[in-house]
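Undergrad: below is the sequence, then the predicted model.
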Amino acid sequence: MSTRLAIALLGLAVTSIARADAPPPSATEPAPAEPAAVEPASSSPDVTPPAPALPLPTHPTVPNAAVQRRLPVERDPAPPRPRRHGDAGAPFALGIGAGLMWRNEPAHRVFTDRAHTPGLEVFARHDVWARSRTILAAGASLRSEQLGDDDRFAVHHHAVQAELAARYGVSSWLWPELRAGVGVVTSRFRMTEERADALDYRDRDTHVVGSVGAGVTLRTPTRLFETPRGRLASLSLGLLLDGGYTFAKDAKLSANPSSDGEVARSGFALGDLKRGGAYFRTMLVLRF
Amino acid sequence: MKYTRLSPRRTSLRALVSLAALCALACDDTSSGSSDPRVREASPPIALTDGLVYTPTAAPSGADVVTLDLTVDPPRAVPRALETPVAARAQRGEIGDAVLLTAGAEARDEGKRRVPAVPSQLVVVGRTGELVARTLSGRYGALTLSTDGRFALAHTPTGSLVLQNAIEVVDLDAPPTQPGKVVTLQLDGRAPSGFVFSPKDGFSRRMVVILFAGSVMLLDLERPENGPIAVPLATSGDGRGLIPQRVLFAGERMFVQSSGTSSVLVLELLAAADQRHGFRVVPSLLGASAGLRDVALVGSGASLRIAALTGQLELLDPQSGSSTVIAATPSATTLLPFEGTAPGDPVSAPRALVFAFGVSSVGFVELGGGEGWTGRNVETVELGEPVIAMLPLLAHKRALGLHASSRLSVIDLQARTVDPYRLAGPLADWLIDDDATRTRLWVASGDKLGILDLAAKTATEVPITLPISPTGQVPVSFERGVAQRAVVLRLVPGARRRVALLHASEAGRVTLIDAETPTRESAREPAGFFLAGLFD
C-alpha cells in the first residue's frame, strides 16, 4: 500500500507538469474515453449533426488506465465511534516506583541516621467514572519498606490499601490528581544472631492504615505509540509525582526468642515504632 | 483511502506487562550511615540479690547499663544510658551494688559550638535499675574497691594534658554530693602496680597500700587530703628491683612480702598527734633464711608470727626479729593457712596446707605451738595428678585442686583426705552455693553442668545444656596457675537462690536455674533483654 502511494505521488508530479493549465477532473468521474470519429453531416438541410462525444473522465494524476485500475478506491468514512471512559479507551493503569517516608522519631535512629526511609510501591487502578475531563479510578496499592540495611536486624512494613483517585485532564499530558486509601499494614521485626547456638527474635503487628495525597501525572500524548495497524493506540507512559500523609497506629513489637523446647523462654518489649508519616513518591505509570 | 483503526481492546497486554516489569525503581542506594547496632562483646554480669547488671559495650537500644530484675516472672529489663560509656566496673562486696566508672569525654567542637569535656562518673546501680551518680574531678580508666565496698579508688587518668599519677578517693557511704578527694602520688614517673586495702576489722586504720616497683605508698582512706606516705622497700642498695607481692595486716602493723629478697618489710603505725597524718610509720625488716616464696600470718597479739616458705617452713617473730625453721618443705611454693582440727586432734588450731604447682602431692603441717616445736612432720597426701591451681574454700574447711585433665580434687583440710571427681571435660567455671543445710559446688565442664555435694560426696548432673560460648574470660587472681577462667556461672542470691548460666549473646540471654530444684522444668531463660526499650 505504501508503494502504491509512492507511485501515485510520482505520477502526480509528472501530470502536473504535462497538464499545467488543464483543470483537474473530478476524482469520482470515470476516465475519459477516446473521442469517436465524427461522420460528416448529410446534405439534407433538416439533419442536425451529432454533438461531439465528451472525453471519458480520467484519474486526475495518472493518465494510464492500467495504473488507474490498480489504485485504491476511496470509500465513505466510517461512522464515529462511541465515546469511552478514559483517554483513548485506556481504563487500566499500573504503577511502580519508590517513595520516601518521613518519621522523625528516636526509634528510627536505631536503624538509620536519616529522617526518611525508602520503600517500594506498586498500584493497579481501573477507571470507574468519568465526566468531562474528570475521571475517577479505583484500585489497590502495595508499599513495602525495610528499616535497617541488614536483613539480620530489620523491621519490614508491608501496607496494602484500597484506594480511590480522582484526576483531571488539564491537557492530554498533564493530569493532577487526588487520592485516598485505606487498608492494612503489617510490621515484622526480626533479629538473627551470628553464633552457633544463636536464637532468632521475631514479632509481628498488624493494624489499619489510611493515607491521603495529591500529585500530578506527566504522560505521553494520546496515540503516540499507535502502530499503522492501529495497535497500542491506548498505551501511554507517565510519571506520577505524589505526596501526602499516611495515618497508622504505632507498631507494638517485642523481641520474642525462638523456642527449642528445652527451657521456657521469655522475650522483652521493644516499644512503639511509628508507622505513619509524610510521604513522597515517584511512580512510573503505564496506562492502557 | 482512510485506514481502518483497530479497537483498543484488541491491543495485546503481553507487551505491556513486560514493559511494567522493566520499570526502574528510584531507590535510595546510599547507606544509612548508622553503625551495626548489635552487641559485639558481651561482658559477664554482676550478680546482685535477685538481679543481674549487664554493661553491654554496644546494646542496640543504646543502653550502657541493662539491669535484669528477677523478682518478677517473667523478669523485667531496665535499660539505662549514661553520660559516657562504661570504662570499668566493680561490686561492693560479694552481693552488693554494682559500681560503674564512666570514661568521660574530651572537649570537642560541634560545628561552631565548643562542647566542654565530660569528667568521669561513679555510678552505683541497684537491682531495680536505679542509678546514683557521683561526678569525679577528672577522667579515669580504672576502678578498685575496698573489700567491704566502702571506698572506691579511681585511677589511671585518661585523656590529654593530665597528671598521670593522680588518683581519686571516694567514700561510697557518703552522700553523692560529697566530692571525691584527688591525691597526687608524688613519687616519680612510675605507675602503681596494684592496690591492697586494709581489712575493715583487725587493723587500726582504713588504709590502702599502693604498690610500686621498689616502694609502697600508704594512704589513709578516711583522710586522703593528708596525702600518701612513700616507703622504699629496701633501705640500701638498688631497691627498684624489688616487686611487692603480698601485704598482710595485723593490729598496727603491715607486712610486705617482695620478690627478690629474703626479708619481710614490717611497717608499724604509731600514733603521733603532732604529725600531719596523725601517725608515723616505723619500718623494719624481718629476715628469713632464704628467698621468700610465700608468707602467712599465724596467731595474734604477742603470739603473732609470720609463717614463711623459703624452701623450708620458718616462723618469723616480728617482736624479736628472730627466725626459726620448724619444718622441711623443699618443694612447696604456696602456703594456705587455716584453723581446724586434724585426724587424732579434735582441737581447732592453726594449720596449713603446703603445695606447689605442677606437683601431684600436697602437705599438711601444724603452725601452732610456737618456735619451741621444731622439726615438725609434713603429712603428704597424693592427689594423683599435678596441681595447676588451688581454690581455697576455707569456710568449708576444704580446698579444690584443679588439674589439667577433666579431674577435680576436693581436699578435706581437716580429715586430710582427697575426693577425686571425673568431670565431663576441663573445668571451665565453678561456684560455691551454700545455705544453712548443705554446701554444694557447681561445676561447668565440657557441655555439662554438675553439682557436687561436698558433705554427702555425691555428684549429680543438671539436665541443661551449657552455653557454647562463655561470656568472657577473666584472670584468676588467687588461684595462681590458672591463666583464664571462662565465666559461665553466677550465683544469684535472693528469696529464690538461682544459678545463672551466662550466654554470650548479642541480644542478651541468660538461663536461670533454681538452686533448690535444678530441673529443666523449673528453669527460665529470659532472652533479648539488650533489646528492651529499643524503640523508646
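TA: Yep, it's here.
Undergrad: contact residues of the stretch 151-288 of chain A facing chain B?
TA: A:153, A:191, A:193-199, A:201, A:228-235, A:253, A:255-257, A:262-273, A:282, A:284, A:286, A:288 (Cβ under 8 Å from any Cβ of the partner chain). In this view, the C-beta of every residue, glycine as well, is placed from N, C-alpha and C.
Undergrad: so who does residue A:264 touch?
TA: Contacts for residue A:264 (Cβ atoms under 8 Å, 6 or more residues apart in numbering or on different chains) come out as B:523-525.
Undergrad: among those, which are in reach of chain A?
TA: B:523-525.
Undergrad: average pLDDT across the host helix or strand of residue B:283?
TA: Per DSSP states H and E: residue B:283 is located in strand B:279-287. Averaged over strand B:279-287, pLDDT sits at 90.
Undergrad: pull out the buried residues from the helix or strand just after it.
TA: Note on strand B:279-287: by DSSP H and E, the next helix or strand toward the C-terminus is strand B:294-298. Residues of strand B:294-298 classed as buried by neighbour count (16 or more other Cβ atoms under 10 Å in any protein chain shown): B:294-298.
Undergrad: sorry, back to before: taking the ones next to chain A among the contacts of residue A:264 one by one, which sit in strands?
TA: Per DSSP state E, strands hold the following members of the ones next to chain A among the contacts of residue A:264: B:524-525.
Undergrad: count of residues packed around residue B:501?
TA: 27 (other Cβ atoms under 10 Å in any protein chain shown).
Undergrad: could you do residue A:168 as well?
TA: Using other Cβ under 10 Å: residue A:168 sits among 14 other residues.
Undergrad: residue B:438 too?
TA: Counted with other Cβ under 10 Å, residue B:438 comes out at 11.
Undergrad: same check, this time on residue B:252
TA: By the criterion of other Cβ under 10 Å, residue B:252 has 15 neighbours.
Undergrad: same question, residue B:201
TA: Neighbours of residue B:201 (other Cβ under 10 Å): 6.
Undergrad: what do you get for residue B:378?
TA: 17.
Undergrad: likewise for residue A:275?
TA: Look at residue A:275: counted by other Cβ under 10 Å, it has 22 neighbours.
Undergrad: quick check: the gap between the spatially closest residue to it that is not a sequence neighbour and residue A:152.
TA: Of all residues not flanking residue A:275 in the chain, residue A:248 sits nearest, at 3.9 Å (Cβ to Cβ, 6 or more residues apart in numbering or on different chains). Residue A:248 sits 25 Å away from residue A:152, going by Cβ to Cβ, to the nearest Å.
Undergrad: what about these two, which has more around it?
TA: residue A:248 (20 against 15).
Undergrad: so who does that one touch?
TA: With Cβ under 8 Å, 6+ apart, residue A:248 has these contacts: A:159, A:185, A:207-210, A:275-276.
Undergrad: buried ones from these, can you make that a PyMOL selection?
TA: Entered in PyMOL, the line below selects the buried ones among the contacts of residue A:248, by 16+ other Cβ under 10 Å:
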select buried, chain A and resi 159+185+209+210+275+276
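Undergrad: name the nearest of the contacts of residue A:248 relative to chain B.
TA: Closest approach between the contacts of residue A:248 and chain B, by Cβ to the nearest Cβ: residue A:275, at 11.4 Å.
Undergrad: hmm, residue A:253 and that closest one touching each other?
TA: No. Using Cβ atoms under 8 Å, residue A:275 is not in contact with residue A:253; the gap is 10.7 Å.
Undergrad: same for the one helix or strand residue B:245 maps to, what does it pack against?
TA: In this assignment (DSSP H and E), residue B:245 forms part of strand B:243-250. Counting contacts by 3 or more Cβ pairs under 8 Å, 6 or more residues apart in numbering or on different chains; DSSP states H and E, strand B:243-250 is packed against strand B:207-212, strand B:253-259, strand B:294-298.
Undergrad: go with 10 Å
TA: strand B:194-197, strand B:207-212, strand B:215-220, strand B:253-259, strand B:263-271, strand B:294-298 (3 or more Cβ pairs under 10 Å, 6 or more residues apart in numbering or on different chains; DSSP states H and E).
Undergrad: among these, which is the most enclosed?
TA: Highest mean neighbour count among those (mean count of other Cβ atoms under 10 Å in any protein chain shown): strand B:207-212, with a mean of 23.
Undergrad: can you give me the angle that strand makes with strand B:263-271?
TA: Here the directions of strand B:207-212 and strand B:263-271 differ by 140 degrees (axes from the mean of the first three to the mean of the last three Cα atoms, to 10 degrees).
Undergrad: below-threshold pLDDT in the stretch 151-288 of chain A: ranges please.
TA: A:196 (pLDDT under 70).
Undergrad: okay, and the residue in the stretch 101-250 of chain A that chain B sits nearest to sits in which element?
TA: Closest to chain B within the stretch 101-250 of chain A is residue A:230: 3.1 Å, counting by Cβ to the nearest Cβ. In the assignment (DSSP H and E), residue A:230 maps to no helix and no strand.
Undergrad: what sits against the closest residue in space to residue A:124 that isn't next to it in sequence?
TA: Spatial nearest neighbour of residue A:124, chain neighbours left out: residue A:139 (5.0 Å); criterion: Cβ to Cβ, 6+ apart. The neighbourhood of residue A:139, defined by Cβ atoms under 10 Å, 6 or more residues apart in numbering or on different chains, consists of A:92-95, A:123-128, A:161-165, A:179, A:181.
Undergrad: what touches both of residue A:275 and residue A:253?
TA: With Cβ under 10 Å, 6+ apart, residue A:275 and residue A:253 have common neighbours A:155, A:187, A:205.
Undergrad: most surrounded residue in those?
TA: Top of the shared contacts of residue A:275 and residue A:253 by neighbour count (other Cβ under 10 Å): residue A:155, with 27 neighbours.
Undergrad: SS state for residue A:284?
TA: strand (DSSP: H, G, I helix; E, B strand; the rest coil).
Undergrad: can you name the residues bridging to it?
TA: On the basis of DSSP bridges, residue A:284 takes part in beta bridges with residue A:96, residue A:239.
Undergrad: that one - how many residues pack around it?
TA: There are 20 residues near residue A:284, going by other Cβ under 10 Å.
Undergrad: the helices in the chain, which residues?
TA: As the question left the chain open, I've gone with chain A. A:2-18, A:65-70 (DSSP state H).
Undergrad: hmm, no, I was thinking of chain B.
TA: Using DSSP H, helices in chain B cover B:14-21.
Undergrad: could I get the CA-only coordinates of the strand ranked longest in it as PDB?
TA: Using DSSP E, we find that the single longest strand of chain B is strand B:345-355. In PDB, the C-alpha atoms belonging to strand B:345-355 read as follows (Å, rounded to 0.1, in the frame of the first residue of the first chain):
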ATOM      1  CA  ASP B 345      43.400 -33.900 117.300                       C
ATOM      2  CA  PRO B 346      39.800 -32.600 117.800                       C
ATOM      3  CA  VAL B 347      41.100 -29.200 119.000                       C
ATOM      4  CA  SER B 348      41.000 -26.500 116.400                       C
ATOM      5  CA  ALA B 349      44.400 -25.000 115.900                       C
ATOM      6  CA  PRO B 350      46.300 -23.100 113.200                       C
ATOM      7  CA  ARG B 351      47.500 -25.400 110.500                       C
ATOM      8  CA  ALA B 352      48.500 -25.100 106.800                       C
ATOM      9  CA  LEU B 353      48.300 -26.800 103.500                       C
ATOM     10  CA  VAL B 354      51.500 -26.500 101.600                       C
ATOM     11  CA  PHE B 355      51.800 -27.400  97.900                       C
END
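Undergrad: what score does residue 62 have for pLDDT?
TA: Here I'm looking at chain A. Reported pLDDT for residue A:62: 49.
Undergrad: that's the wrong chain, I meant chain B
TA: Looking at residue B:62, its pLDDT reads 76.
Undergrad: so it makes contact with residue B:531?
TA: No. Shown here, residue B:62 and residue B:531 do not form a contact pair, counting by Cβ atoms under 10 Å, at 11.0 Å.
Undergrad: which of these two has more residues huddled nearby?
TA: The residue with more neighbours, out of residue B:62 and residue B:531, is residue B:531; 34 against 15, by other Cβ under 10 Å.
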